[in-house]
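*Asks:* Sequence first, predicted model second:
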Amino acid sequence: MTPHHPALRRLALPALAALALFSALPAHALGRLSDIQVIDRDSGETLPVYQHRGEHWVAGRPGARYAVALRNATRGRVLGVVSVDGVNVVSGETAAWSQTGYVLSPGQRYEITGWRKSDAEVAAFHFTAAPASYAARTGRPAQVGVIGVAVFREKTPPPPVIAPPPIPEPYSQSYPSRERQSDAESAADFKGRSEAAGAPAPAASADSANAMAREAAPASRRMAPASPAPRLGTGHGEREGSWVGHTSFERRSERPDELIRIRYDSRENLIAMGILPTTTVPTRPNPFPGAPHPGYVPDPS
């Protein structure tokens, strides 16, 4: 007979409720290999990340400057290829995984504050109406409203190959015997057949390419709710100092080890889409709204 523990059951329900409440709270960083945050530079606030139908969202303030902060959470160097509105933030190209990005040392944190113009300058990111975004102004408005980070691990060099010592021959021979020639020919023929059998089939490569295309498909195809106000995009702001250097980096794989996507829009639009609750904070009443008036209480008109 299984013993009953009423006290344990009473403790379990509050614990489950606490877990459910915790899962509903917004996060501030995304990523396993690299922590990604969006920071409002004018207020200093790290924008909360809200999860909705498998997507991650942040609410931007129109006109506010912002930064995309990356922190390397691994023990080796990583490369972060960063896109905003479908545009590479370093080169200005239509974003792709194979392009340039930022290399971070273990534990290093870096804030990307704008579109890179040189080794010493960027044009600041700021939230603006989608038609005024840099992507729309350069004829690429399709991906406005999304921040992407493709994280790559660095390829480590293989260990040196140590050749085994040669096996001494009991007799020296100028030419191999007929038996050795046959063995060598058989081994070469077997090696050729093995390499041919191990070659990847073209169909498998095509399937892999299709899978990559589906994974990189924009989230707007899966969810495009109506917005009551113009969507937000990222503008090409004022020039400001931001210094970087150059280094070499060999990727461990052509595919990202981690792919992070954060969508953004105004708070009003996120509320309209059901991503944020509709509760509003009432305005605080002012007990002394006017300037002091001398005299006494007048009659109402």
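*Replies:* Arrived safely, thanks for sending.

*Asks:* For the nearest residue in space to A129 that is not next to it in sequence, which three-state class applies?
*Replies:* Distance criterion C-beta to C-beta, 6 or more residues apart in numbering; nearest residue to A129, sequence neighbours excluded, is P230 at 4.6 Å. All C-beta spots, glycine's among them, are computed from the backbone N, C-alpha and C. Counting by DSSP: H, G, I helix; E, B strand; the rest coil, the backbone at P230 sits in coil.

*Asks:* Relative to T138, how far out is P230?
*Replies:* Relative to T138, P230 is positioned 18 Å away (C-beta to C-beta, to the nearest Å).

*Asks:* Which parts of the stretch 201-301 of the chain are helices?
*Replies:* Counting by DSSP state H, counting those that start in this stretch, one finds helices in the stretch 201-301 of the chain at the ranges 202-215, 267-272.

*Asks:* Worst mean pLDDT among those?
*Replies:* The minimum mean pLDDT among these belongs to helix 202-215 (a mean of 46).

*Asks:* Need phi/psi at A132.
*Replies:* Dihedral pair for A132: phi -90, psi 0, per degrees, to the nearest 10.

*Asks:* can I assume it is in contact with T234?
*Replies:* No - look at A132 against T234 with C-beta atoms under 8 Å: they stay out of range, at 9.7 Å.

*Asks:* coming back round to it: if I pick the residue nearest to A129, what's in contact with it?
*Replies:* Shown in contact with P230 (C-beta atoms under 8 Å, 6 or more residues apart in numbering): A129, A130, P131.

*Asks:* Of these, which belong to strands?
*Replies:* Residues of these located in strands (DSSP state E): A129.

*Asks:* Please pick the buried ones from the contacts of P230.
*Replies:* A129, A130 (16 or more other C-beta atoms under 10 Å).

*Asks:* just curious, which of the contacts of P230 is nearest to E93?
*Replies:* Proximity of the contacts of P230 to E93 (C-beta to C-beta) peaks at A130, which lies at 20.2 Å.

*Asks:* Quick check: that closest one vs S266, distance?
*Replies:* Distance, A130 to S266, by C-beta to C-beta: 10 Å.

*Asks:* Which residues are in contact with each of the two?
*Replies:* R231, L232.

*Asks:* Please convert the contacts of P230 to TSV, extending it with pLDDT and distance to G44.
*Replies:* Shown next, in TSV, are the contacts of P230 (pLDDT from 0 to 100; distance: C-beta to C-beta, whole Å):
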residue	pLDDT	distance to G44
A129	96	24
A130	96	26
P131	96	29
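
*Asks:* any idea which of the contacts of P230 is closest to V151?
*Replies:* A130 (27.1 Å).

*Asks:* picking that back up, so for A132 and T234, which residue has more residues nearby?
*Replies:* Neighbour count, other C-beta atoms under 10 Å: between A132 and T234, T234 has more, with 30 against 14.

*Asks:* separation between the residue nearest to A129 and F127?
*Replies:* 11 Å.

*Asks:* Quick one: low-confidence residue ranges for the stretch 101-250 of the chain.
*Replies:* 168-228 (pLDDT under 70).

*Asks:* 50 instead?
*Replies:* The model of the stretch 101-250 of the chain has pLDDT under 50 over residues 172-181, 184, 186-188, 190-206, 208-209, 211-213, 216-225.

*Asks:* Strands of that one, residue ranges please.
*Replies:* Here the stretch 101-250 of the chain has its strands, by DSSP state E, counting those that start in this stretch, at 102-104, 109-112, 114-118, 121-129, 146-153, 232-241.

*Asks:* I'd like those strands laid out as CSV, including distance to D257.
*Replies:* Below are the strands of the stretch 101-250 of the chain laid out as CSV (distance: least, C-beta to C-beta, whole Å):
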stretch, distance to D257
strand 102-104, 13
strand 109-112, 18
strand 114-118, 23
strand 121-129, 25
strand 146-153, 5
strand 232-241, 26
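
*Asks:* you'd agree L70 is in a strand?
*Replies:* Yes - the assignment for L70 (three-state DSSP) places it in a strand.

*Asks:* What does the pLDDT read for it?
*Replies:* At L70, the pLDDT recorded in the model is 96.

*Asks:* Same question for R284.
*Replies:* According to the per-residue confidence, R284 scores 70 in pLDDT.

*Asks:* With the one 3 residues further on instead?
*Replies:* Note for P287: predicted pLDDT of 77.

*Asks:* Around it, how many other residues sit close by?
*Replies:* 4.

*Asks:* what does T247 give?
*Replies:* T247 has 9 neighbours, counted by other C-beta under 10 Å.

*Asks:* swap in the one 3 residues further on?
*Replies:* E250: 10 surrounding residues under other C-beta under 10 Å.
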